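Peer 1: fold the following, please.
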Amino acid sequence: MNAAAAGLQFLQSPSCPLLYAASDDGAVPPPGSVRRGFLLPPGAQGGAVLTLAQTWAMPGTYLFLEQPLAAGGETAFAIAAWNLLGQPSFSSPRIAWFDSGVPANGQLNGYVLALAQGGLRTSRTLYLPYRNYALTVGVGTAFGLDPAQPGFTLSQNAGAIAFSCGFGASALGGTGPVSIALQGEHAGSLQFQLALGATGGVPDLALLDVGMRTYYPTAGSGTDDATLLSSLHYPLFDVAQTPTLQATLAPWSAAEERSFFAFAAATGALTSCYAGVTGHALTLAPVQDASGPTATPARLVLAARPSAFPASSDDLYTLIPKGDFLVAASGQQQAQAPSAATVMATAAGSRFMCGLSGVEYIGLAAANALSFFSGAPAFADGFDPAAANAAPTRLTAGATTSWALPCAWLAGEAAALSYFAQPDGAVLYQPSNAGALAPLVYLEVGANTLPAAMTAANAMPLLPYAGIDGQDLAACRMLETRVISPLRRATIAARGSAPAAAAWRAQPGVAASASTGLGSVTPQGLLAQFADPTLHTIESLVIAQMADGSRFALHTIANGDPLRTALASNQLLLVMSNPAAIAPYLSPDPAQREITIQDWRFALDADQWTPATTPPALHTAMIWKFARGALADLINDPRSWAQARVAGAPAPVPFNLDDGAASARIGAQISDAIAQFDNGRGDIDFAAFVTAVTDPNWQGILFLNVSTPLAQLPQQCKGLAAGIDPSLFRAHHLAIEISKIDASVTPLTLRPSSMFGLVDYNAPVTPLRASGAPYQFQVDSLKVRFLNSAIVSFASKVELMARQLFGDAVDQAPADSILYLFGALQHQTVAGVVHDTYLFRTAQNQPKVFPIVAGNVFNAIEVGSAQFVTEFDSANDGLTHTYFALAGLLDFAALEMDVFSFGRSGGDAPAGLRFSKLMIRMAFAPDQQDSARFAFDAGGMAFDLATSVARPDSLYQHFPLSLAALLQADSVSTPGGAGYLGLQSALTQSDLAYPWYGLVFDLDLGTLGALAAKAGFIAQFIAAWSPAAGNYQVFVGLKLPGSDGGKDTISIEGVLDLGFRALVLGQNGASTYYLLLNALALKFLGISFPTGGQIDMALFGNPDDQHNSSLGWYAAYTKDQAQKPAGAKDRLAHAALRQTALRALGGPQGDAT
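Peer 2: Have a look, this model is predicted:
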């Protein structure tokens, strides 16, 4: 008997003489603390103090209480105990375990070990359930005293003692004898060894359900009252192994400190379901005592395995690990005690794989430990492995399991290990030193140092995957990707520290070269250039390489920075919409803050991400997607996103100001694009984007709502900026998929990146709303699709609203006064070089008629075609200059005298003078909204007379006129100032002021004969007009060769002047036109010839409407007659001349007197 056993006494209760309290040192236990005792049956007698031997010889019952005896409640307890123990089924109750020392309504709950009368064998079965587990002690089991322990024993006899699983379905055959201690922290517990094997052909480790579990709601099971749960099991050990466990079971408690399974002393390293990066299993050797990093011996403890919420006392239990294990690579050994003399060091380079990715791991040292902490969150709230769109998911403590924390462990000292993680799809590689054709090799870059303090607060979800059921693989993978890996990464980032600057970089296989530079690349072509060999700082992370050699890159990303920490996530899903989070990493070089594809520029300056004028739905977001799963699903779960958590940084700049709002905003944009694409039946321009967001295997970097500076549009598209709302003009998306790597040169270089994107602009209001301005311009839509870093489609629709033409008001609704032009891209090859040409023009064969307010010189102006052109900047005035080149018909009205000639007859469709190169010019400041200024430019118009239509009885059809130009006057000129003499006619002649226009015709008058050189005598006839509000304003004039400034003389050879008094344009009948020159006189040195009379001349056109090339003329001389009244001779001569001309033309004759 040991000293402790010798000190064990049972002390009589003063208030209840048959009740004794156990004491290890003879001292009376404090009131309310008694948990062990001895109770004599009614009528028996005993002394004040009893030894163990004395009690063994007496007929009483040994007592073990889960909750202590209440002070002053001794008698009440004894009465309740006698009532229970006195039942006939308990012939000789020897041990009783009560849940409490305080009766409830005079009754106690207890388990009783009863013996047969007069013997030391059990008289009835003792059944101790732990929900799905149970310990059974069968009838006839030998019961004995072990004074040395001190305690009792139950001897195994042909399986009478058995530990079972599955509510008794599987009784494990290796259950050993049971001991029940009377002293110590486990007094009253049943302790036994459990030698595992294979019960019924099923490994006992599998039957015991040893490992970790995660839980999630069963799809479609939620009601107001309950939610069914599903769970995933992660076996801790290879279940084929048969270790021996040391069980300690407290009959009334499943608490982990009361009921657990330790490992037998002889247990060595067990093959675990953890693995290294090469796939080899890691071993776990249980630490048997308090000598490990957490001073907690390795054991398996009971944890609830709920099947529904709310939880129930009927829920199953599972066995989860707790405490310290030594960890080593398979085939290596770890000593049971972490002593330098007994530890066999593992080979440098062993790696502990954290999840399902070979590039997320912990670098093991020479000796290592893995400590488990129970009570960790295990319920994945909102997780549904079958859901097309993942709901937000997090782990909560609604159900619990074990998390773990590894450390270096040598000579009783714990040290933090290095954590390595890279995105699965963006692993860094470096050149090797094995020759020019050697493949790139893996570059190991530390992400963090694990927490140094071995506490539950620093533990992380570290699940073993090697033993999972194949049917659970998909769900396990999805949960790891969406929940476990991001949570593990966030925990390490928040609790750990920055990685060591010189983390070891041992490489499997081919070693990396130390002399090939500090560049490394991912398979997608992300090029990381480090500042120095410590790999502490990424000097430059190239995101995209452009064809012209320019790059978009992030800079100076140091260990411990939020971005560097996030980029180390294995299942990387990094969503950034807060410009303040990316601003520190942008280059000071503007060329490295933009991405360019074929002259289309996408600005990524931080101040362009969330401008105040841009709606939040169009704010920029940058998404790094190197995680498994469809982005359309992952974006709905912000908890799976990498976070800007860094140890020691109390207020890191978040990647998103509001993850939930960013998730909703981006999710809505993705859903809208998917709906527009409609499985290929809708807008195919979204095809690449929809593929990227729905393909679980797609990986790359995706920008949403990228600023596209209007001032930097391609040259031929710069004019569009005047009609675009800059607050709404953003590229819908821009994605960088892959950049080819040139490993043949040092340092590593990239070839142009493969990118796709879409500019999809739509005006908020269409068509234009009239503002009262003569001209308005708007871009209704602009869509540019990029694929493989090239433009594959371009489409645009623009509006030009014209409420005036030639200054005259258009007489129709504003919506009907709009020209629609459509943009297209053409590829032209010149000298083997492909050039892009952007064309904006109206649809073919869809003329637009602009009726002019009645009373003006126009019926209408028909625009048959129009083209929008941006001019190259030659003015150097800081403005963008553009023009609309119109072609169509000028449909002039038939006035009292049809001098404008070209137009429809009667109510016919528009007809008239076919023109081209009528310009509406537009200039604007590219950096100022609503700065467009328009100018109407008719000065360069060209005419196609062959396809023009002149009315049959018009002047043009019957006078030898040849259309020379259309004159647009400047702001200071008048027709007279331009050299035109006004003609008297049937039209109301007006003095025109700016603005005014004129049709200028050449009139061939023949020659001047011997008086001048043999040159044509060409006059210019003008039919001019000003815009008018209801009553036309016209000027009909003639500019004769040699005339000066509209004077009524013509200079001949500089010495003679031919003068006249008046010019008259007349019409006789429908088709006879004539021009009268009244009182012609030849002057020389002030002397007029002829003297004493005057000459009048009539020029008349051919009344035949077949052609207008002929000109006839008559002249008459009239001698002065003194007796005639003043002016009478003029009238007489005019009448006689007119009568002669009309007779020659076959027209009606009148009185010539």
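Peer 1: which other residues reach stretch 773-782?
Peer 2: Applying Cβ atoms under 8 Å, 6 or more residues apart in numbering, the external contacts of stretch 773-782 come out as 720, 722-724, 759-763, 766-768, 770, 795-804, 820, 823, 920, 922, 932, 934, 936. Glycine gets a C-beta too; all of them are placed from N, C-alpha and C.
Peer 1: so A206 is in which element?
Peer 2: In this assignment (DSSP states H and E), A206 forms part of helix 204-207.
Peer 1: mind checking the backbone torsions on the closest residue to I852 other than its chain neighbours?
Peer 2: Nearest non-adjacent residue to I852, counting by Cβ to Cβ, 6 or more residues apart in numbering: F858, 4.0 Å away. Dihedral pair for F858: phi -110, psi 140, per degrees, to the nearest 10.
Peer 1: residues contacting F858?
Peer 2: Going by Cβ under 8 Å, 6+ apart, F858 touches L805, F806, D808, I852, L890, D891, F892, A893.
Peer 1: go through those and flag which are in strands.
Peer 2: L805, D808, L890, D891, F892 (DSSP state E).
Peer 1: tell me who's in contact with the first one.
Peer 2: What it means is L805. With Cβ under 8 Å, 6+ apart, L805 has these contacts: F850, I852, F858, I861, F936.
Peer 1: tell me the bridge partners for it.
Peer 2: Beta-bridge pairing for L805 (DSSP bridges): D808.
Peer 1: N679 - that's part of a strand, no?
Peer 2: No. With DSSP: H, G, I helix; E, B strand; the rest coil as the criterion, N679 is helix rather than part of a strand.
Peer 1: ok, now how distant is it from V690?
Peer 2: The gap separating N679 from V690 is 9 Å, by Cβ to Cβ, to the nearest Å.
Peer 1: F1017 too?
Peer 2: Going from F1017 to V690 by Cβ to Cβ gives 75 Å.
Peer 1: which one of the two is surrounded by more residues?
Peer 2: Taking other Cβ atoms under 10 Å, F1017 and V690 do not tie; V690 has more neighbours (22 against 16).
Peer 1: who's in contact with that one?
Peer 2: When contacts are counted by Cβ under 8 Å, 6+ apart, V690 touches A673, I674, F677.
Peer 1: swap in 6 Å and give it another go.
Peer 2: Shown in contact with V690 (Cβ atoms under 6 Å, 6 or more residues apart in numbering): I674, F677.
Peer 1: which element is it on?
Peer 2: helix 687-694.
Peer 1: reduced to three states, what does the nearest residue to L720 once chain neighbours are set aside come out as?
Peer 2: Among residues not flanking L720 along the chain, V779 sits closest, at 5.2 Å (Cβ to Cβ, 6+ apart). In three-state terms, and counting by three-state DSSP, V779 is strand.
Peer 1: save the ones in strands among the contacts of F858 as CSV, and put in pLDDT and distance to T1118 too.
Peer 2: Shown next, in CSV, are those (pLDDT from 0 to 100; distance: Cβ to Cβ, whole Å):
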residue, pLDDT, distance to T1118
L805, 97, 48
D808, 95, 45
L890, 98, 42
D891, 97, 44
F892, 97, 38
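Peer 1: number of residues surrounding L535?
Peer 2: Counted with other Cβ under 10 Å, residues neighbouring L535 total 23.
Peer 1: for P638, same thing?
Peer 2: Using other Cβ under 10 Å, P638 has 22 neighbouring residues.
Peer 1: surely it is in contact with D659?
Peer 2: Yes. Between P638 and D659 there is a contact under Cβ atoms under 6 Å: 3.7 Å.
Peer 1: just name the shakiest helix or strand of this protein by mean pLDDT.
Peer 2: Among the helices and strands of the chain, helix 1128-1145 carries the lowest confidence by mean pLDDT, DSSP states H and E, at a mean of 49.
Peer 1: can you check my assumption that K797 lies in a strand?
Peer 2: Yes. K797 sits within a strand when classified using three-state DSSP.
Peer 1: what about it, distance to M922?
Peer 2: From K797 over to M922 the distance is 17 Å, taken as Cβ to Cβ.
Peer 1: out of the two, which sits in the more crowded spot?
Peer 2: Neighbour count, other Cβ under 10 Å: between K797 and M922, M922 has more, with 23 against 18.
Peer 1: any idea which helix or strand carries that one?
Peer 2: Counting by DSSP H and E, M922 is part of strand 913-924.
Peer 1: in that strand, what's buried?
Peer 2: By neighbour count on 16 or more other Cβ atoms under 10 Å, the buried set for strand 913-924 is L913, R914, F915, S916, L918, M919, I920, R921, M922, A923, F924.
Peer 1: now for it, which elements pack on it?
Peer 2: Here strand 913-924 touches strand 880-892, strand 933-937, strand 942-943, going by 3 or more Cβ pairs under 6 Å, 6 or more residues apart in numbering; DSSP states H and E.
Peer 1: partner residues bridging the spatially most central residue of the chain?
Peer 2: The residue lying closest to the centre of the chain (Cα atoms, centre = their mean) is L704, at 4.7 Å. Note on L704: beta-bridge partners by DSSP bridges are A621, H733.
Peer 1: was I right to think it contacts A621?
Peer 2: Yes. L704 is within contact range of A621, at 4.5 Å (criterion: Cβ under 6 Å).
Peer 1: and the longest strand anywhere in the chain, how far out from the chain's middle?
Peer 2: In the chain, taking DSSP E as the definition, the longest strand is strand 394-410. Centre-to-centre, strand 394-410 and its host chain are 32 Å apart (Cα atoms, centre = their mean, to the nearest Å).
Peer 1: do stretch 519-532 as well
Peer 2: 23 Å.
Peer 1: do the same with stretch 819-830
Peer 2: Relative to its chain's centre, stretch 819-830 lies at 31 Å (Cα atoms, centre = their mean).
Peer 1: got the buried residues for it?
Peer 2: L819, L821, F822, G823, L825.
Peer 1: widest-spaced pair of those residues?
Peer 2: Maximum pairwise distance in the buried residues of stretch 819-830, criterion Cβ to Cβ, is 20.6 Å, between L819 and L825.
Peer 1: for the stretch 651-800 of the chain, what spans make up the strands?
Peer 2: Secondary structure of the stretch 651-800 of the chain (DSSP state E, counting those that start in this stretch): strands at 700-707, 730-742, 749-762, 775-787, 790-802.
Peer 1: three-state assignment of E896?
Peer 2: Recorded secondary structure, E896: coil (three-state DSSP).
Peer 1: where does it fall, phi/psi-wise?
Peer 2: Torsion angles at E896 (phi, psi; degrees, to the nearest 10) stand at phi -50, psi -40.
Peer 1: for Q545, see how far away it is.
Peer 2: Taking Cβ to Cβ, one finds E896 at 73 Å from Q545.
Peer 1: who has more neighbours out of these two?
Peer 2: Ranked by neighbour count (other Cβ under 10 Å), E896 and Q545 place Q545 first, with 25 against 11.
Peer 1: dig out what the nearest residue to that one once chain neighbours are set aside forms beta bridges with.
Peer 2: Closest residue to Q545 apart from its sequence neighbours, by Cβ to Cβ, 6+ apart: L750 at 4.2 Å. Beta-bridge partners for L750, by DSSP bridges, are I741.
Peer 1: gap between L750 and I492?
Peer 2: 31 Å.
Peer 1: over to P1103?
Peer 2: Separation of P1103 from I492 (Cβ to Cβ): 103 Å.
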